[in-house]
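Trainee: have a look at this fold, sequence not included:
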DNA sequence: CAATCAACCTGGGTGC
DNA sequence: TGCACCCAGGTTGATT
């Protein structure tokens, strides 16, 4: 479900909502999503702990916490396909729920149970984080670095964009949108891109992710922000989910194919 | 190796 | 109504 703009939106919402609040009670409804061997210990450590900060790396949410014994820990949450982290009321689809000191609830909802919650001393040591590519919106992620990374890769351009080791945070929606705006066919081998195509791809990654954050993400079906609301970027989608509809640029029919097991949308006339 | 596929899950939609 | 598919913002590991 959530890609970088959605996770960033949740991060910003939660930062305002839960910072400096204490956890009064921890309810675990589906232990499966908690990737810790001892659920009782997980609950024990978190009960009475305080939220200090919310951060994001790629699609991973990182909640900095201080336990009762003053030890600093990190609750990491990967929402995968259908996870939601919502502040406010209790939810019937809740899998894990924190009752906070202001009597409100922070609820982790996840219809498909594919999400992962961990409690760690150092989030930087997580395998997922160690393997993760650069943050696309970071100032240190330059066109030169992007070009260099492309030069050492092979395979279809869309598959590379989806690879979190190549770049962190792009998913199926934004990879499709970035390729449309860059006028590159998703099936192109990445080593056939010329300099101007690489430049366009680089600029569009930053531009589209930034625009999507401004719109508070894309709610296609079940994405919700930290307050339980939908995101507005779906109104701006050019290709994702638009199979059979007219290309906004050339009026050709948008195609849908399967690439790397994922639904892939593109305009066969605009994207070469 | 690159590409494909199944697995992890639940639930909504569609067509017979 | 029922049933048998197909689909879904992700990731990983096995196989060809």
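Mentor: Received it, and whenever you're ready, just let me know what you need. Since this is a predicted model, take the numbers as computed values, not measurements. Numbering: from 1, shown residues only, chains lettered A, B, ... in the order given.
Trainee: number of residues surrounding residue A:140?
Mentor: Neighbours of residue A:140 under the rule other C-beta atoms under 10 Å: 7. To be clear about C-beta, it is placed using only N, CA and C from the backbone, and glycine gets the same treatment.
Trainee: that one and DNA strand C, how far apart?
Mentor: Remark: distance between residue A:140 and DNA strand C (C-beta to the nearest atom of the strand, to the nearest Å) = 21 Å.
Trainee: wasn't that residue part of a helix?
Mentor: No: going by DSSP: H, G, I helix; E, B strand; the rest coil, the assignment for residue A:140 is coil, not a helix.
Trainee: what pLDDT does it get?
Mentor: Note on residue A:140: pLDDT of 97.
Trainee: ok, now which ones touch it?
Mentor: If you count contacts by C-beta atoms under 8 Å, 6 or more residues apart in numbering, residue A:140 has them with residue A:134.
Trainee: can you list contacts of the helix or strand encompassing residue A:84?
Mentor: Using DSSP states H and E, residue A:84 sits within strand A:83-88. Here strand A:83-88 makes contact (C-beta under 8 Å, 6+ apart) with A:1-2, A:10, A:13-14, A:17-18, A:61, A:77, A:79, A:104-110, A:114-115, A:222-224, A:226-228.
Trainee: any residue of it touching DNA strand C?
Mentor: No: if you take C-beta under 7 Å from any atom of the strand as the test, strand A:83-88 misses DNA strand C, and the best it gets is 9.0 Å.
Trainee: give me the residues contacting the very next helix or strand once past that strand.
Mentor: Downstream of strand A:83-88, the first helix or strand assigned by DSSP H and E is strand A:94-100. Strand A:94-100 is contacted by residues A:18, A:21-30, A:33-34, A:46, A:90-91, A:105-110, A:113, A:115, A:117 when judged by C-beta under 8 Å, 6+ apart.
Trainee: what's the answer for stretch A:2-16, then?
Mentor: Stretch A:2-16 is contacted from outside by A:53-56, A:58-61, A:63, A:79, A:83, A:85, A:87, A:106, A:136-137, A:168-174, A:209, A:212-213, A:215-218, A:223, A:225-227, A:231, A:233, using C-beta under 8 Å, 6+ apart.
Trainee: which phi and psi does the residue of chain A positioned farthest from its centre have?
Mentor: What lies farthest from the middle of chain A is residue A:69; by C-alpha atoms, centre = their mean that is 32.0 Å. Dihedral pair for residue A:69: phi -80, psi 10, per degrees, to the nearest 10.
Trainee: can you tell me how far it is from residue A:45?
Mentor: Separation of residue A:69 from residue A:45 (C-beta to C-beta, to the nearest Å): 9 Å.
Trainee: quick check: end-to-end length of stretch A:118-135?
Mentor: Stretch A:118-135 has an end-to-end distance of 22 Å (C-alpha to C-alpha, to the nearest Å).
Trainee: hmm, it touching DNA strand C?
Mentor: Yes: Stretch A:118-135 lies within reach of DNA strand C by C-beta under 7 Å from any atom of the strand, at A:127-128, A:131.
Trainee: output the below-cut-off pLDDT ranges for chain A.
Mentor: When residues are selected by pLDDT under 70, those of chain A lie in A:1.
Trainee: name the residues of it found near DNA strand B, please.
Mentor: A:32, A:111-114, A:154-156, A:159, A:189, A:258-261.
Trainee: change it to 10 Å
Mentor: A:30, A:32-33, A:80-82, A:92-93, A:95, A:110-114, A:152-160, A:163, A:187-191, A:221-222, A:257-262 (C-beta under 10 Å from any atom of the strand).
Trainee: restricting to those, which residues neighbour DNA strand C?
Mentor: Residues of the residues of chain A next to DNA strand B in contact with DNA strand C (C-beta under 10 Å from any atom of the strand): A:80-82, A:111-112, A:114, A:159, A:163, A:221-222, A:258, A:260-262.
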